[in-house]
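Asker: Sharing a sequence plus its predicted fold:
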Amino acid sequence: MAGYNPDFLGNGINLPVPAFAPSLAGDVLRNPLLEDDIFAAYINYSIIMHRVRRSAIVACFNIDQNLIKDVSRKRGWDIDTRIGADFQLDNDYYRNNPWDRGHLARRASIAWGKTEREAKRASDDTFYYSNASLQHENFNQDEWLALENWVFELDLDSNGKITVFTGPVYGDFPRTITPPGRESALIPSAFFKVVCFVNKESNELDVRAFLMFQDEEALRDKEGNKLFNFQTYQVTITEIERLTGLEFDDEIYEKNPLLFNENPQKQEELNIRQFPERIEVDQPTEMIAAGEPRHSIADDQVPVFIAAAMVNPSGDERESEWVSVINLSSEPVNLEGWTLSDTTHEPLQLNSILKEQQRILQPGEALRIQPLSPVMLSNSGGAISLYDNQGKGRRIDRVSYTARDVEREDFTVRFLRRG
């Protein structure tokens, strides 16, 4: 059975599976029925299991976007007998609780082959409990699993081929789940994903790395930075390594554009706010590429906030969408030259819709911004950012919402209760 292919991207690029730090090596499940005693190989992907946690350490997979097929979904999940029932969390751990069987290797990404039959076999091969992980029902699985598609949406890759490494993160104090009559299991506090591809501009390896938290309390940031559940962050490879005990190939480390260690020269050149870097991303356009300057962030300096939004109004959406902002400072704030962005379309210049007297936001005052064009709030989820007029525009606030948040028409999404 053909599993993960380290040479899949071509161009002489070889991406071996991650190595293991000493703290992790002893917990890797080893079984002579597995490839090289550790790899559970499936069609288009391979998994390495944790013998104590009974779940995957990492799933490594290849995607050929040119050969993706739309095939039917298999019903039911199976135990992989090569791994053994004692080393997999079966359906008892997902029944009658808020925890879903989250695919690590995404079915829609694995379902590729030269024929529809090949793609269907690959799709079916993702329904093993070894490829499932405990994901909270509020975890935005569709957006998380679709991260590997972002490079296609931005037309970044040269050949439609992508290599992905993904898996759970547990932290120091993870929660547990104990089905009746069964042994307790640890619940992941977050998930990581490393997406690798050949950049069509440079014709070289390019990398993006991500984390999404589902229990930020178990991974409380030692630097005091706020973490938010169900928010995707673009991160450094080093942060993922420290959280997981995995050790990625040096080339993956070098080609990831975000920096972990302090670098005064890069900090000035790229407008880096802090180290290690961790950047919120909800849209493909928010990803940071190599050499790309970062936005200036003033979220903690200017107490003006995006308070609420009407994302899914009845009737004419373009005319009826609105965003409200509020001044929680003790001083008036001048909105002259400020902009509002959905990160995808041209930003809205507030001067174009606010009369001069409206541009002074008094202490405690809220202001509804409507209409929003050219900004468009997607019912599929998105982000909204507010920028001032200093320099190229400092980001004053940023909020995000999911498709689930805006399912109901005429429902106001409120953002002020955060963290």
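Answerer: Happy to help now that I have it.
Asker: count of residues packed around residue 86?
Answerer: 9 (other CB atoms under 10 Å). Every residue, glycine included, has its C-beta placed from N, CA and C.
Asker: Can you give me the distance of the closest residue to it other than its chain neighbours to residue 89?
Answerer: Leaving aside its chain neighbours, residue 86 sits nearest to residue 54 (7.6 Å; criterion: CB to CB, 6 or more residues apart in numbering). Note on residue 54: its distance to residue 89, by CB to CB, to the nearest Å, is 5 Å.
Asker: Look at residue 149 and say how many residues are nearby.
Answerer: 17.
Asker: That one - that's part of a helix, no?
Answerer: Yes - checked against DSSP: H, G, I helix; E, B strand; the rest coil, residue 149 lies within a helix.
Asker: and residue 92, what does it touch?
Answerer: With contact set as CB atoms under 8 Å, 6 or more residues apart in numbering, residue 92 has these partners: 179, 182.
Asker: residue ranges with poor pLDDT in the stretch 51-200 of the chain?
Answerer: Along the stretch 51-200 of the chain, the parts satisfying pLDDT under 70 run over 140-143, 154.
Asker: follow-up on the earlier one: count of residues packed around the residue nearest to residue 86?
Answerer: The number of residues near residue 54, taken as other CB under 10 Å, comes to 22.
Asker: tell me the phi and psi of residue 236?
Answerer: Dihedral angles of residue 236 (phi, psi; degrees, to the nearest 10) stand at phi -90, psi 160.
Asker: for residue 89, same thing?
Answerer: phi -90, psi 110.
Asker: I'd say it and residue 132 touch.
Answerer: Yes - proximity of residue 89 to residue 132 meets the contact threshold set by CB atoms under 8 Å, at 7.2 Å.
Asker: Now for those two: what residues contact both?
Answerer: Joint contacts of residue 89 and residue 132 (CB under 8 Å, 6+ apart) are residue 55.
Asker: Now do residue 368 against residue 308, distance only.
Answerer: 9 Å.
Asker: Please apply the same query to residue 97.
Answerer: Counting by CB to CB, the gap from residue 97 to residue 308 is 32 Å.
Asker: neighbour count winner among the two?
Answerer: Set residue 97 next to residue 308 and count neighbours by other CB under 10 Å: residue 308 wins out with 19 against 12.
Asker: Pick out the residue nearest the middle of this protein.
Answerer: Here the mean C-alpha position of the chain is nearest to the C-alpha of residue 232 (CA atoms, centre = their mean), at a distance of 3.7 Å.
Asker: next one: phi and psi at that one?
Answerer: The phi/psi pair for residue 232 (degrees, to the nearest 10) reads phi -80, psi 130.
Asker: That one: what's it in contact with?
Answerer: By CB under 8 Å, 6+ apart, the contact list for residue 232 reads 143, 144, 147, 210, 211, 212, 280, 281, 282.
Asker: so the third one sits right up against residue 193, yeah?
Answerer: It stands for residue 147. Yes - with contact defined as CB under 8 Å, residue 147 counts as touching residue 193 (5.5 Å).
Asker: Quick check: neighbours shared by these two?
Answerer: Both residue 147 and residue 193 are contacted by residue 210, under the criterion CB under 8 Å, 6+ apart.
Asker: first to last residue in stretch 127-138, what's the distance?
Answerer: For stretch 127-138, the first and last residues are 21 Å from each other (CA to CA, to the nearest Å).
Asker: any idea how far the residue nearest to residue 284 when sequence neighbours are not counted lies from residue 235?
Answerer: Nearest non-adjacent residue to residue 284, counting by CB to CB, 6+ apart: residue 150, 4.0 Å away. Counting by CB to CB, the separation of residue 150 from residue 235 is 15 Å.
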